[in-house]
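Sharing a sequence plus its predicted fold:
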Amino acid sequence: MNTELFGIIALFIATVALAVPFGKYIAKVYGGEKTLLDPVFGPLEKGFYRLSGIRPNVEMNWKQHLFALLTINMVWFFLGMFVLMNQGWLPLNPDGNPSQSPDLAFNTTISFVVNCNLQHYSGESGMSYLGQLFLMFLQFVSAGTGMAAAAVVIIALKERTTEKLGNFYDLMVKSCTRILLPVAFLVALILLANGTPMTFEGKDTIYSMQGDTIRVSTGPVAAFVPIKHVGTNGGGFFGANSAHPFENPNYATNMVEMFSQMIIPLAMIFALGYYVKRKRLSWMIFGVMTLGFLLLTIPTITTELHGNPKIAQMHVDMSSGAMEGKETRFGTTASAFWSIATTVISTGSINSMHDSFMPVSGLTQMLSMMTNAFYGGAGAGILNFYIFIILAVFISGLMVGRTPEFMGKKIEAREMKIAMIVALLHPLLILAATALGVAMPELTASTLNNPGFHGFSEMLYEYTSSAANNGSGFEGLGDNTLWWNISCGIVLVLSRFIPIIGPVAIAGILASKKHVPESAGTLKTDTGTFGIMVFAVIVIITALSFFPALTLGPIAEYFSMQ
Amino acid sequence: MKQHILSAIRLTIVTLIFFSGVYTLVILGIAQLFPNHGKGEIIEQNGKRYYTNIGQSFTDDKYFNSRPSAVGYNAAGSGGSNKGPSNEEYLGVVQARIDTFLLHNPGVQKADIPVELVTASGSGLDPDISEKAALVQVKRIAKLRNLPEQKLQQLVKEHIEGPLLGLFGPTKINVLKLNLALENLR
């Protein structure tokens, strides 16, 4: 078999195979059961709590959870603004990179606090090493925040009636120390062994074989890149992200980085099943997500392998596919696969430039973020999918004339209202923001890197990526302007916290309701039929909301190239 | 309320010290155990020092040329062209690259130019080219350097890096290593 194709198939199978036991481990962590790493992390976490005056055994209701979550995120935001706006004179800045302007710092800080990592700067020239290390801290804790929120939802799914849903700080800290850190550490070792730099020296100077003087940016890259993937953050150390040979030196590291961005979202699905003792439910969710993932991945790979038809007309050898914006050491197949993995999973790191992908691939990349329900980010994936499950339960309950119930809890008007608000917010933010951007060409037209339909796609992609908390971009967009920094920042905040507040609120309300034992009249939610129902709900909501906008962008571009 | 905010601030400080400080120092410490102590992979030849993974601009006809770069192989500002596939101006640039290549490589057919040699990489620092992209340049270099074509083809073959474990991913050639070996050919 073709080695490029074999590479991604083997990677995907290996990731799923490891996600199942890792999910069991995550379920144990959230359930407070004994694990192998207890002797290492138990004392460490105890130290954290003592120094912070936190009592990790005090359980919280859903409102207290959200209060704690929002408060600590606010602290991170203010601290981040301070660091980025003052990094120029703060220590660890050997390259003398400048402090960020207030609007750029606003965008960057929010973007890293909300686990998006949209970057309107390039790491080489726009971030000091201190800034990078602070962002790395946010990459840990923002992923921990999402996972803690997902853990609250999972805890609430247990069959009982309760207000108490664990302690937020405990869930967040344990997500960081026991789940993210060990994986990140192993990935860092692999990167080091493959030549990724880890140094605090500034730019190096070398002389090329042709005699040019070259300044080579370097830095503590091997510490930064692992958590960027494990936490599904995606913000690159360098401008070119994981296309950069230091961030991603070879095919082996490329496989490891793809693995490390997929493992936690996949494992969280199985953690849910282990925790609530409903493994079939996990497999239903996994099945729906994988179906969506494959439907998006396969056309992307085929299109990219086919290459650019306009270049094919120039009669060169097209056998390697569409290579603009791609690296030789990864090849077209792994680049196309990564582009969908990174967009379904809200990572947003890239190993090739999405702006230069074919229109069909641009479409599938955007659809991945528009559906925002297949695998999804660390924690965020479960939260988003939970909303779609609630919608599907309600709709199918009405269709077959049964009371809408999920896991023994009745779903009523209040929960449905919240679910609808969350589900509709996503298209509303993307489409309204894009419409505003298009309506004000004096602010946006000059920032586009490409004319025509593709230019529109650049704008649509930017807001889609912001709203999906993804962080990748059609990077030709000159996005470090007041307009893009502020407008994307606002979209980022709303599209992070409302989809956290909504599911946690629903889960909390449901948990406090009386448990109704399953009967013959209960709609089974862990079956293939129900999976198809959820899939249909996702497709209908996405297709109806986004089709018109996609027609103006990638679809129009596709037909213009025929 | 006040308790929450104070706890949040204190937890932030403690975790910041741990994840930005302790974790970083541990990785930095481990880096010292690896070759070149975490400063990237280096090749040296004739007293000059190069980064193996950072591609260089090879535009001279006497070298195997590297792929086009949107940033001119600026290792302090990586990036791709980000040109869309239907962009007329971009397609013009690709056409011009094909024409230039044909001009510098007389006797080469258009259909023998692999597309990666006329399209820019994602990082602008791609250290590699494909086997085809190296072989298509052999004729030109052989003539300029007065070497038999066969010898150069042999050199290219020796520098092919196969798929990972022979199973996964593409084959490629590191342009820098190939050109360093080319300089050593007599």
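Structure received. Model, not experiment: these values are computed from the prediction. Residues are numbered from 1 along each chain as shown, chains lettered A, B, ... in the order given.

Contacts only, for the residue nearest to residue A:446 when sequence neighbours are not counted.
Spatial nearest neighbour of residue A:446, chain neighbours left out: residue A:478 (7.5 Å); criterion: Cβ to Cβ, 6 or more residues apart in numbering or on different chains. For the C-beta atoms, the positions are set from N, CA and C on the backbone; glycine is no exception. Contacts for residue A:478 were tallied using Cβ atoms under 8 Å, 6 or more residues apart in numbering or on different chains; they are A:446, A:447, A:448, A:449.

at 10 Å instead, please
Contacts for residue A:478 were tallied using Cβ atoms under 10 Å, 6 or more residues apart in numbering or on different chains; they are A:120, A:444, A:446, A:447, A:448, A:449, A:458, A:484.

Separate out the buried members of those.
A:120, A:444, A:447, A:448, A:449, A:458, A:484 (16 or more other Cβ atoms under 10 Å in any protein chain shown).

In this structure the third one contacts residue A:473, no?
Okay, so that is residue A:447. No. Between residue A:447 and residue A:473 no contact is recorded; they are 11.7 Å apart, counting by Cβ atoms under 10 Å.

what sits in contact with each of those two?
A:458, A:462, A:479.

Could I get the full set of strands for the stretch 101-250 of chain A?
Using DSSP state E, counting those that start in this stretch, the strands of the stretch 101-250 of chain A run over A:204-207, A:213-216.

Out of the ones you listed, which is closest to chain B?
With respect to chain B, and counting by Cβ to the nearest Cβ, the nearest of the strands of the stretch 101-250 of chain A is strand A:213-216 at 4.2 Å.

what's the nearest residue to residue A:130 once chain neighbours are set aside in contact with, if anything?
Excluding its sequence neighbours, the residue lying closest to residue A:130 (Cβ to Cβ, 6+ apart) is residue A:92, at 4.0 Å. Going by Cβ under 10 Å, 6+ apart, residue A:92 touches A:128, A:129, A:130, A:131, A:132, A:133, A:134, A:200, A:219, A:220.

Show me the two of those that sit farthest apart.
The distance between the two most remote of the contacts of residue A:92 (Cβ to Cβ) is 14.6 Å, for A:134 and A:200.

higher neighbour count, these two?
residue A:134 (26 against 14; other Cβ atoms under 10 Å in any protein chain shown).

So what's the residue count around the closest residue to the more buried one other than its chain neighbours?
With sequence-adjacent residues excluded and distances taken as Cβ to Cβ, 6+ apart, residue A:134 is closest to residue A:83, at 4.7 Å. When counting by other Cβ under 10 Å, one arrives at 24 neighbours for residue A:83.

Now for the nearest residue to residue A:233 once chain neighbours are set aside: which residues touch it?
Excluding its sequence neighbours, the residue lying closest to residue A:233 (Cβ to Cβ, 6+ apart) is residue A:139, at 4.3 Å. Shown in contact with residue A:139 (Cβ under 10 Å, 6+ apart): A:112, A:115, A:117, A:180, A:184, A:224, A:226-235, B:19.

follow-up on the earlier one: surely the residue nearest to residue A:134 is in contact with residue A:136?
No. Using Cβ under 10 Å, residue A:83 is not in contact with residue A:136; the gap is 11.8 Å.

gap between the spatially most central residue of chain B and chain A?
Centroid-nearest residue in chain B: residue B:127, 1.6 Å away (criterion: Cα atoms, centre = their mean). Using Cβ to the nearest Cβ, to the nearest Å, residue B:127 is found at 6 Å from chain A.

Please give me every residue in contact with the residue nearest to that residue when sequence neighbours are not counted.
Nearest in space to residue B:127, with sequence neighbours left out and distances taken as Cβ to Cβ, 6+ apart, is residue B:55 at 4.0 Å. By Cβ under 10 Å, 6+ apart, the contact list for residue B:55 reads A:208, A:245, A:327-328, B:66-67, B:69, B:73, B:75, B:121, B:123-129, B:174-176.

next one: phi and psi at residue B:55?
phi -60, psi 150 (degrees, to the nearest 10).

again, but for the one 5 residues further on
Taking degrees, to the nearest 10, you get phi -70, psi 140 for the backbone angles of residue B:60.

quick one: pLDDT of the nearest residue to it once chain neighbours are set aside?
Distances taken as Cβ to Cβ, 6+ apart place residue A:210 nearest to residue B:60, at 5.8 Å, with adjacent residues excluded. Here, the pLDDT recorded for residue A:210 equals 91.

Surely residue A:210 and residue B:64 touch.
No. When contacts are counted by Cβ under 10 Å, residue A:210 is not listed as touching residue B:64 (12.0 Å).

Could you report the neighbour count for residue A:520?
Residue A:520: 4 neighbours (other Cβ under 10 Å).

Now do the helices in chain B.
Counting by DSSP state H, one finds helices in chain B at the ranges B:2-16, B:23-31, B:88-104, B:131-135, B:138-145, B:149-158, B:175-184.

Might you report the residue contacts of residue B:113?
A:314-317, B:97-98, B:101-102, B:105, B:132-133, B:136-137.

okay, and for the chain, where does confidence drop off?
With no chain named, the answer covers chain A. Along chain A, the model assigns pLDDT under 70 to residues A:1.

Chain B, not that one
B:186.

Could you chop it up by domain?
Annotated domains of chain B cover B:1-39, B:41-184 [automatic domain parsing].

Give me whichever of those domains is most buried.
domain B:41-184 (a mean of 19; mean count of other Cβ atoms under 10 Å in any protein chain shown).

hang on, the earlier thing: now the common contact residues for residue A:210 and residue B:64.
By Cβ under 10 Å, 6+ apart, the residues touching both residue A:210 and residue B:64 are B:58, B:179.

about what we covered before: which one of the contacts of residue B:113 is nearest residue A:106?
Scanning the contacts of residue B:113 for proximity to residue A:106, where the rule is Cβ to Cβ, the winner is residue B:97, at 40.5 Å.

what residues are up against residue A:76?
With Cβ under 10 Å, 6+ apart, residue A:76 has these contacts: A:109-110, A:112-114, A:134, A:137-138, A:141-142, A:145, B:8, B:12, B:15-16.

what's the closest of those residues to residue A:27?
Nearest to residue A:27 among the contacts of residue A:76, with distances taken as Cβ to Cβ, is residue A:145, at 19.2 Å.

and the closest one, how many neighbours?
Using other Cβ under 10 Å: residue A:145 sits among 30 other residues.

Next one: it from chain B, what distance?
From residue A:145 to chain B the distance is 12 Å (Cβ to the nearest Cβ).

Would you convert the domains of chain B into JSON lines that also reports distance to residue A:56?
JSON lines is the format used below for the domains of chain B (distance: least, Cβ to Cβ, whole Å):
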{"stretch": "domain B:1-39", "distance to residue A:56": "11"}
{"stretch": "domain B:41-184", "distance to residue A:56": "43"}
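
coming back round to it: of the shared contacts of residue A:447 and residue A:473, which are in range of chain B?
residue A:458 (Cβ under 10 Å from any Cβ of the partner chain).

I'd guessed residue A:184 sits against residue A:256; true?
No. Using Cβ under 10 Å, residue A:184 is not in contact with residue A:256, being 11.5 Å away.

residues shared between the contacts of the two?
Taking Cβ under 10 Å, 6+ apart as the criterion, residue A:184 and residue A:256 both touch A:225, A:226, A:229.

Please pick the buried ones from these.
Using 16+ other Cβ under 10 Å, the buried members of those are A:225, A:226, A:229.

and which of the residues you listed is nearest residue A:57?
Out of those, the member with the shortest distance to residue A:57 (by Cβ to Cβ) is residue A:226, at 31.2 Å.

how about the closest one, what does it touch?
So, once contact is read as Cβ under 10 Å, 6+ apart, residue A:226 ends up touching A:136, A:139, A:180-181, A:183-191, A:196, A:256-257, A:260, B:23, B:27.

Give me the buried subset of those.
A:136, A:139, A:180-181, A:183-185, A:187-191, A:196, A:256-257, A:260, B:23, B:27.

Pull the number of nearby residues for residue A:96.
Residue A:96 - counted by other Cβ under 10 Å - has 10 other residues nearby.

Before I go, just wanted to say thanks for your time.
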